[in-house]
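1. the amino acid sequence is not available; the structure is as follows:
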């Protein structure tokens, strides 16, 4: 992102710095979709094995990529990918997405730009597709469709979406 883009948007997208790895845990918790009127789960939910696959030893595996969005030196959002057996797993060659922004920064196009930038990273790394899982009621479904994801499977609660790169 150029200096002009930062001035126009107010945020910068960059790779995480050394020491910022734990931010992914914060954003993993923020990524949990909580429907209107439902009490948020306890923060230690991110220590469950099915959620730890998103962050344990991040940066050590093939497909591990991360970008953060920052405003005035404060990280306000993150997108990361990993080849893992998560909710959005489609095969062992396809990175799965995780993305989240702090609530005050949602709905401003920052998540869309994070997704677009990460899709570019994956294309440069010669991946052929990326996947994610999203609850059907989550407003982010429209954003995922806008950046090129299509529903390839679903269950009662979630869509499994893939973006061909």
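-> Everything's here; your move. If you're wondering where the values come from, they're calculated on a predicted model, not measured in any experiment.

2. who does the residue most central in space within the chain form a beta bridge with?
-> In the chain, the residue lying closest to the centroid (C-alpha atoms, centre = their mean) is residue 99, at 1.9 Å. For residue 99, the beta-bridge partners under DSSP bridges are residue 79.

3. for it, give me its contacts.
-> 27, 31, 77-80, 111, 114-115, 140 (C-beta atoms under 8 Å, 6 or more residues apart in numbering). All C-beta spots, glycine's among them, are computed from the backbone N, C-alpha and C.

4. same check on residue 162?
-> Going by C-beta under 8 Å, 6+ apart, the list of residues near residue 162 reads 90, 94, 129-131, 149-150, 152.

5. which two in the residues you listed are spaced the farthest apart?
-> Within the contacts of residue 162, 94 and 150 form the most distant pair, 13.6 Å apart (C-beta to C-beta).

6. so for the two, which residue has more residues nearby?
-> residue 94 (20 against 11; other C-beta atoms under 10 Å).

7. isn't the more buried one up against residue 132?
-> No - taking contacts as C-beta atoms under 8 Å, residue 94 lies outside contact range of residue 132: 10.1 Å.

8. mean confidence for the strand or helix carrying residue 76?
-> For residue 76, the host element (DSSP states H and E) is strand 74-82. The average pLDDT for strand 74-82 rounds to 97.

9. ok, residues contacting that strand?
-> 11, 16, 20, 23-24, 27, 53-54, 58, 61, 63-70, 95-102, 104-105, 110-111, 114-115, 117-118, 122, 130.
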